[in-house]
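Q: what follows is a predicted structure for the sequence shown.
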Amino acid sequence: MAITDVAVFSSSPEPGTVDPGGRGQPAATLIGSTSIFLWAVWPALAVYSSPAPTFQILATGMTIGFLALAALRIGRGEPLSGMLPKSWGLLLAGVVGILGTNTFNFIAVTRISPAQASVIAYLWPIIALVLAGALGLKRLQSKHYVAVVLGFVGAVFVINPFTGMELDFIGILCAFLAGLSFAAYTTYRLVDSRSASDAVGIYGLISAIICAALHFGIETTQSLNATQIAAVVVLGLAPMGLANAVWDYGVARGDARALSVLAYGTPLVATFLLVFLGLADITPTLIIGALLIVGAAAIGTWPARSEP
């Protein structure tokens, strides 16, 4: 899934978030922008790793992602203890976000079009706005209501119930739950905004342990072919590992505003990549829906002039 740890609400320039006024080195911005592509390959890699037991794939990929982030910290001379979240609440929320997002999204891409799954899951910024408003954590403005309407209208176009074809409601639900999982984590950060560099690695490690336990408890281990092995390794290294590292580097040293704008295009990049690889068919309703959802996310999360 091409889900970024963009701070939907916070304006603090901490690692893993977006500083709306951030300006920095063009080279750092360019490096940070590679995270968009690294996240966008998630749906394609999920398809290439299938068919295989869900939790077997996720446990392996998340472990590789943790090892990649840990290796980068060691290479920078930074202690691994710096990856630990600053509170137990953040740890729990982070695990729910990472585990839920990846699990539900993996199930979704095996049941419905991976392009549909990717775009529906990207409703997470809109879902986060709804949660924050419902919980009284943020006062919603007119633009937020417009964003919510546009986002869910976009979802209708993506699901496209007008064709008369039978819909896979489980697959659609899983794609939505993938977005809900990350939205819940993002909303929790309104309450506890403390963050640790590469903390997503710890979330991934604990999620990997949970996935391994579920795999050995309810699944049968399957031998993977060369394509599946390569897909799982890249899945761990790219969207689950290096993408987070280059994003943090770009936000900290480059143009954070430019990166936040580019991040909105992640589901579009993922969709066109799937089409290019022959893994999805492009349709007018899919493109319209994707543009509506991306536009809604931009409208709903873009800071107003009066915001810091």
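A: The structure has been received and is ready for your questions.
Q: following element in sequence after the helix or strand harbouring Leu259, please.
A: Secondary structure assignment for Leu259, by DSSP states H and E: helix 256-263. Counting by DSSP H and E, the next helix or strand C-terminal to helix 256-263 is helix 266-276.
Q: can you check the pLDDT for Tyr48?
A: With respect to pLDDT, Tyr48 scores 93.
Q: got the contact list for it?
A: Thr227, Gln228, Ala230, Ala231 (Cβ atoms under 8 Å, 6 or more residues apart in numbering). In short, each C-beta sits where N, CA and C put it, glycine included.
Q: one more pass at 6 Å, please.
A: Going by Cβ atoms under 6 Å, 6 or more residues apart in numbering, Tyr48 touches Thr227, Ala231.
Q: dump the helix or strand containing it to PDB, restricted to CA.
A: Take DSSP H and E as the rule and Tyr48 turns out to sit in helix 42-49. What follows is helix 42-49 as a C-alpha-only set of coordinates in PDB (Å, rounded to 0.1, in the frame of the first residue of the first chain):
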ATOM      1  CA  TRP A  42       3.400  -1.900  -2.900                       C
ATOM      2  CA  PRO A  43       0.300  -3.100  -4.800                       C
ATOM      3  CA  ALA A  44       2.400  -4.600  -7.700                       C
ATOM      4  CA  LEU A  45       4.700  -6.400  -5.300                       C
ATOM      5  CA  ALA A  46       1.700  -7.800  -3.400                       C
ATOM      6  CA  VAL A  47       0.300  -9.200  -6.700                       C
ATOM      7  CA  TYR A  48       3.700 -10.700  -7.700                       C
ATOM      8  CA  SER A  49       4.000 -12.400  -4.300                       C
END
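Q: for the stretch 1-150 of the chain, which spans come out with low pLDDT?
A: Counting by pLDDT under 70, the low-confidence segments of the stretch 1-150 of the chain come to 1-24.
Q: what segments of it are helices?
A: Here the stretch 1-150 of the chain has its helices, by DSSP state H, counting those that start in this stretch, at 26-40, 42-49, 54-75, 88-109, 114-121, 124-134, 142-159.
Q: quick one, which of these is nearest to Gly254?
A: When these are compared by Cβ to Cβ, helix 26-40 sits nearest Gly254, at 3.3 Å.
Q: from the chain's centre, how far out does that closest one sit?
A: 15 Å (Cα atoms, centre = their mean, to the nearest Å).
Q: what does stretch 168-181 give?
A: Counting by Cα atoms, centre = their mean, stretch 168-181 comes out at 14 Å from the chain centroid.
Q: again, but for stretch 133-141
A: That offset, for stretch 133-141, works out to 23 Å (Cα atoms, centre = their mean).
Q: how about stretch 92-104?
A: The answer for stretch 92-104 is 10 Å, by Cα atoms, centre = their mean.
Q: how many residues are close by Leu137?
A: Close neighbours of Leu137, defined as other Cβ atoms under 10 Å, add up to 14.
Q: err, Leu91, not the other one
A: 17.
Q: and it, how far from Trp247?
A: Computed as Cβ to Cβ, to the nearest Å, the Leu91 to Trp247 distance reads 20 Å.
Q: and Leu129, by the same measure?
A: 22 Å.
Q: also Ser81?
A: On the measure of Cβ to Cβ, Ser81 and Trp247 end up 22 Å apart.
Q: with neighbour numbers in mind, choose between these two.
A: Each of Ser81 and Trp247 has its neighbours counted (other Cβ under 10 Å); Trp247 has more, 28 against 8.
Q: quick check: pLDDT value at that one.
A: 78.
Q: grab the nearest non-local neighbour of it.
A: Among residues not flanking Trp247 along the chain, Ser35 sits closest, at 3.9 Å (Cβ to Cβ, 6 or more residues apart in numbering).
Q: so what's that neighbour up against?
A: Ser35 touches Ala243, Val246, Trp247, counting by Cβ under 6 Å, 6+ apart.
Q: how about 8 Å then?
A: Thr4, Ala243, Asn244, Val246, Trp247, Gly250, Leu259.
Q: in ChimeraX, how would I select just the buried ones from the residues you listed?
A: Under the burial definition 16 or more other Cβ atoms under 10 Å, those of the contacts of Ser35 that qualify are selected in ChimeraX by:
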select :4,243,244,246,247,250,259
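Q: keep only those of the contacts of Ser35 that are in helices.
A: Among those, DSSP state H puts Ala243, Asn244, Val246, Trp247, Gly250, Leu259 in helices.
Q: and the first one, how far is that from Leu167?
A: Using Cβ to Cβ, one obtains 31 Å as the distance from Ala243 to Leu167.
Q: over to the third one?
A: Taken as Cβ to Cβ, the spacing of Val246 relative to Leu167 amounts to 37 Å.
Q: go on, the fifth one?
A: As defined by Cβ to Cβ, Gly250 lies at a distance of 39 Å from Leu167.
Q: wait, Ala121 sits on Ala178?
A: Yes: with contact defined as Cβ atoms under 8 Å, Ala121 reaches Ala178; the gap is 4.1 Å.
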